[in-house]
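**Student:** Could you look at this predicted model? Sequence included:
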Amino acid sequence: MTSGNDSPGAGLGERLLELDPPEPAEPAEGLARMFGEVKSRCEASDRTIPGFLRSRSTVARRAIVLAVFALLLFVGWFVFPLVGDHARTAPWMASLVTFCVLLLLAMLMVTRPVHLPELPRWQIIGLVSVAIGATIVAAFWPIPAAQAATPEHAGGVMAGVCMGVGLLLGVPVYALLRLLDRGHALGSVVAAAAAGLGANFVLKAHCPIPGTSHELLGHASVALVFVLGLGLVHHWLPQKPR
């Protein structure tokens, strides 16, 4: 008879352990090292202005945008002369209020919390389309005195001046929203539309030549240039991960 130690299964567990030794504890150390590197990169990113702004809460980011917009509105409204009293008609005021409402909606879209589902693209494209359409419609509400504007006011130098000023006015709005954007779909297009709205608000409030042709060429064109020239181009360019 064979003893218990001579059975075929004797020592099988020890042999299997020798063939397949337990994994060392190095993966846990590697994981900790990887988390340390990620934390270091995040801390380094937070020390930059974009990293600091994007790391703020949704309420804080929206408060920053509203504070900057309020400051720009205050400076633009009280520092520079408004159009004459005869130009402050109901359509003129309706245009300004519409621009402000659409600008607020664009800000809410760009600063939307990242944990929420992405907005449908049709809503974003719809807002951008309405923003451009509002600037065009506003151009068809000239003040009565604008009917007597001379033809050179419609285009040429004066329209080019307003367009150039509008582009400069919209850059801070676009830059601010892009700095606070955490990477939402079509966020660059929404920011570009907001820049066009902000520029048209200032131009509508202060431009002394609000004829229809002049506003189409010098005012409404600003929103279109921002959306096509900055928003779409920036969206198509390869983006760095944030």
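**Tutor:** Here it is on my side, so go on.

**Student:** give me the element the residue nearest to Leu176 when sequence neighbours are not counted is part of.
**Tutor:** Spatial nearest neighbour of Leu176, excluding adjacent residues (CB to CB, 6 or more residues apart in numbering): Val68 at 5.7 Å. In short, each C-beta sits where N, CA and C put it, glycine included. Here Val68 sits within helix 58-78, counting by DSSP states H and E.

**Student:** hang on, the earlier thing: wouldn't the residue nearest to Leu176 be in contact with Leu177 here?
**Tutor:** No: with contact defined as CB atoms under 8 Å, Val68 does not reach Leu177; the gap is 9.9 Å.

**Student:** Tell me which of those two has more neighbours.
**Tutor:** Counted by other CB atoms under 10 Å, Val68 and Leu177 do not tie: Leu177 has more neighbours, with 27 against 15.

**Student:** And the helices in the chain?
**Tutor:** Using DSSP state H, the helices of the chain run over 12-19, 26-46, 49-54, 58-78, 90-110, 121-139, 156-180, 187-206, 212-215, 221-225, 233-236.

**Student:** ranking these by burial, who's on top?
**Tutor:** Ranked by mean neighbour count, the helices of the chain are led by helix 187-206 with a mean of 27 (mean count of other CB atoms under 10 Å).

**Student:** quick one on the thing from earlier: just list what the helix holding Val68 packs against, helices and strands only.
**Tutor:** helix 49-54, helix 90-110, helix 156-180, helix 187-206 (3 or more CB pairs under 8 Å, 6 or more residues apart in numbering; DSSP states H and E).

**Student:** export the helices of the chain to a markdown table and tack on distance to Gly84 and mean pLDDT?
**Tutor:** As requested, those are arranged in a markdown table below (distance: least, CB to CB, whole Å; pLDDT from 0 to 100):
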| stretch | distance to Gly84 | mean pLDDT |
| --- | --- | --- |
| helix 12-19 | 94 | 57 |
| helix 26-46 | 49 | 56 |
| helix 49-54 | 40 | 71 |
| helix 58-78 | 15 | 84 |
| helix 90-110 | 11 | 90 |
| helix 121-139 | 18 | 92 |
| helix 156-180 | 17 | 87 |
| helix 187-206 | 11 | 90 |
| helix 212-215 | 16 | 85 |
| helix 221-225 | 23 | 93 |
| helix 233-236 | 38 | 68 |
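
**Student:** Trp141 and Val157, how far apart?
**Tutor:** Look at Trp141 and Val157: by CB to CB, to the nearest Å, they are 24 Å apart.

**Student:** Wait, Met109 touches Arg121, no?
**Tutor:** No: Met109 is beyond contact range of Arg121, at 11.6 Å (criterion: CB under 8 Å).

**Student:** Need the contact partners of the helix holding Val68.
**Tutor:** 53-54, 56, 103, 107-108, 111-113, 172-173, 176-177, 180, 198, 201-202, 205-206 (CB atoms under 8 Å, 6 or more residues apart in numbering).

**Student:** mind redoing it with 10 Å?
**Tutor:** For helix 58-78, contacts defined as CB atoms under 10 Å, 6 or more residues apart in numbering pick out 53-57, 82, 96, 100, 103-104, 106-108, 110-116, 169, 172-173, 176-177, 179-182, 194, 198, 201-202, 205-206.

**Student:** and what of stretch 166-173?
**Tutor:** With CB under 10 Å, 6+ apart as the test, stretch 166-173 has contacts from 65, 68-69, 72, 76, 103, 106-107, 135, 174, 191-203, 207, 218-223, 225-226, 229-230.
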